[in-house]
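Q: predicted model follows, preceded by the sequence.
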Amino acid sequence: MGDFVISFNNVVKKYEKTLALNKASFQVKKGEIFGYIGPNGAGKTTTIRILLGLLKPNDGEVKVFGYDISELDKIKGRIGFMLEERGLYENLTGYENLEFYSILYKVPKKIRENRIKELIELVGLSGREKEKVKNYSTGMRQRLCLARSLLHEPELLLLDEPTTGLDVEGQKFIRDFLVNLANNKNVTIFITSHNLYEISQICTRIGIINKGEIVACGTLSELQRAFDRKEVEISIDKPLQEVEVPLRNLPFVQNVKEEEGKIIVSLENKDKLPDLLLWFTQNNIKVWKINEIKNSLEDIYLSIVKEEK
Ligand SMILES: Nc1ncnc2c1ncn2[C@@H]1O[C@H](COP(=O)(O)OP(=O)(O)OP(=O)(O)O)[C@@H](O)[C@H]1O
C-alpha cells in the first residue's frame with residue numbers, strides 16, 4: 001500500500017445537489033502514466049482539484065505519497081500541475097513567466113536561471129523565450145505551461161487535458177515529452193484527456209470514470225481481457241458460404257459474419273478456440289490464419305459509457 005503515489009478509497013464529493021464522486025477508488029503507482037478518462041461531467045476535474053487540495057472530499061480517504069490529503073504541506077511541493085485555465089501573464093515574456101513562477105515555487109535563486117534555461121530547451125521554446133506570451137501560439141503556450149509545471153522538479157504531475165486545442169505535431173510533442181519524463185525521470189503522471197488514442201498510446205494504466213464512479217481500471221490489456229469481444233478472425237481455404245451453416249450450428253459458436261472480406265467468428269468463450277480449430281481439421285478445412293480480435297480503448301469506453309446511461 002505504501003508504494004502508491006495516489007490512493008483514492010471510496011471517495012465521495014458532493015456539490016449541493018450533484019454527487020460528483022461516488023465512492024471512487026483507484027491507485028496510481030510511482031512512475032506510472034495513469035490515464036483518467038470519462039465523459040463530460042464524470043468527475044475528472046473534481047478528482048484533480050481534490051488532489052491539489054482545492055476541494056475537500058465529503059467522505060473516504062485520499063492519500064498522496066502515503067500522506068492523508070489533509071496534510072497538504074507535506075505533499076504540495078512535490079506536485080506539479082497543468083489545468084485548463086493557463087494563468088500565464090500575457091505581457092511578460094516566456095522567460096519572465098517562468099522566472100515569476102519559479103520565485104512563487106521557491107526555486108532557490110542560485111539554480112533558478114539554469115533551471116529555467118534547461119526547461120525552455122526541454123520544451124522546445126529556445127529562441128522564443130524573449131517574446132511576449134501574447135504573441136505565442138496555443139502550442140507554445142502549452143509548452144510554456146509544461147515547463148512551468150516542472151520548475152520545482154515535482155515527483156507527481158497532474159495534467160487536465162494537456163493536448164486540447166493542439167495540432168497533430170503539438171500533441172505528439174507533448175506525448176513524447178511525457179513518456180520521456182516518466183521513463184527517464186521516474187515522474188508519476190496523472191492525465192485526463194478525451195483523446196483515447198493518446199491515452200492508449202502513452203498510459204501504463206487507465207481508469208474509466210462515469211457519473212462519479214470508477215467503472216474500470218487497469219492496463220489496456222487487462223481492460224481488453226475484461227471487455228473481451230470473444231471474436232476471432234479466420235482465413236480458410238474455402239469460401240464462407242460453404243462453411244457458414246455448419247459453423248453456426250456448432251454449440252460454442254454464437255455468430256459468423258463477413259466483414260471487409262474477413263470471416264469473423266463469435267465464440268461463446270475464447271477457451272473454445274481449440275474446439276473450433278479441431279472442427280476445421282476434422283472437416284479438412286485448412287486454416288491459413290487466425291487472429292484474436294481485441295477491443296480498442298474506444299470500443300471499451302463506449303460500451304461502458306453507453307451501458308451506464
Ligand atoms: N463548483 C461546482 N458546483 C456545482 N456542481 C459542480 C461544480 N463543479 C463541478 N460540478 C458538477 O460535478 C460533476 C463533475 O464535474 P467535473 O468538472 O469534475 O467533471 P469532468 O469529468 O471534469 O468534466 P469535463 O470533461 O467536462 O471537464 C458535474 O455534474 C458538474 O456539473
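A: Cool, the structure landed.

Q: can you give me every residue that contacts the residue nearest to the spatial centre of the chain?
A: Residue closest to the mean C-alpha point of the chain, counted by Cα atoms, centre = their mean, is residue 35 at 1.9 Å. Contacts for residue 35 (Cβ atoms under 8 Å, 6 or more residues apart in numbering) come out as 191-193, 199-200, 202-203, 205-207. Every C-beta, even on glycine, is put in place using the N, C-alpha and C of the backbone.

Q: ok, now with 7 Å
A: The neighbourhood of residue 35, defined by Cβ atoms under 7 Å, 6 or more residues apart in numbering, consists of 191, 193, 199, 203, 206.

Q: relative to the ligand, how far out is residue 260?
A: Residue 260 is 34 Å from the ligand, where distance means Cβ to the nearest ligand atom, to the nearest Å.

Q: might one say that residue 53 is in contact with residue 72?
A: Yes. Residue 53 is within contact range of residue 72, at 4.3 Å (criterion: Cβ atoms under 7 Å).

Q: so residue 274: helix, strand or coil?
A: helix (DSSP: H, G, I helix; E, B strand; the rest coil).

Q: any idea how far residue 257 is from it?
A: Distance of residue 274 to residue 257, computed by Cβ to Cβ, to the nearest Å: 22 Å.

Q: quick one: least confident of the contacts of residue 35?
A: Minimum pLDDT for those is recorded at residue 193 (93).

Q: what residues does this protein have near the ligand?
A: 15, 18, 20, 38, 40-46 (Cβ under 6 Å from any ligand atom).

Q: rewinding a little: among residue 274 and residue 257, which residue is more densely surrounded?
A: Set side by side, residue 274 and residue 257 show more neighbours around residue 257, with 12 against 8, by other Cβ atoms under 10 Å.

Q: quick one: pLDDT of the residue nearest to the more buried one when sequence neighbours are not counted?
A: With sequence-adjacent residues excluded and distances taken as Cβ to Cβ, 6 or more residues apart in numbering, residue 257 is closest to residue 264, at 5.2 Å. pLDDT recorded at residue 264 is 93.

Q: residue 264 pairs with what?
A: Residues in a beta bridge with residue 264, per DSSP bridges, are residue 233, residue 257.

Q: tally of neighbours for it?
A: With other Cβ under 10 Å as criterion, residue 264 counts 18.

Q: do the same with residue 141
A: The number of residues near residue 141, taken as other Cβ under 10 Å, comes to 19.

Q: what's it in contact with, if anything?
A: 86, 88, 133.

Q: whichever of those residues end up buried, select them in ChimeraX.
A: Per 16 or more other Cβ atoms under 10 Å, the buried members of the contacts of residue 141 correspond to this ChimeraX selection:
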select :88,133
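
Q: can you lay out the contacts of residue 141 as a markdown table showing secondary structure?
A: Below are the contacts of residue 141 laid out as a markdown table (three-state DSSP):
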| residue | secondary structure |
| --- | --- |
| 86 | coil |
| 88 | coil |
| 133 | helix |
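
Q: just the contacts of residue 141: which has the poorest pLDDT?
A: Here the lowest pLDDT out of these sits on residue 86, with 75.

Q: on the three-state scheme, the nearest residue in space to that one that is not next to it in sequence is what?
A: Ranked by Cβ to Cβ, 6+ apart and with sequence neighbours excluded, the top spatial neighbour of residue 86 is residue 145, at 5.6 Å. When classified by three-state DSSP, residue 145 comes out as helix.

Q: show me the contacts for residue 145.
A: 82, 86, 88.

Q: please apply the same query to residue 160.
A: 45, 48, 82-84, 192.

Q: of all the residues you listed, which comes closest to residue 103?
A: Nearest to residue 103 among the contacts of residue 160: residue 82, at 19.0 Å, using Cβ to Cβ.
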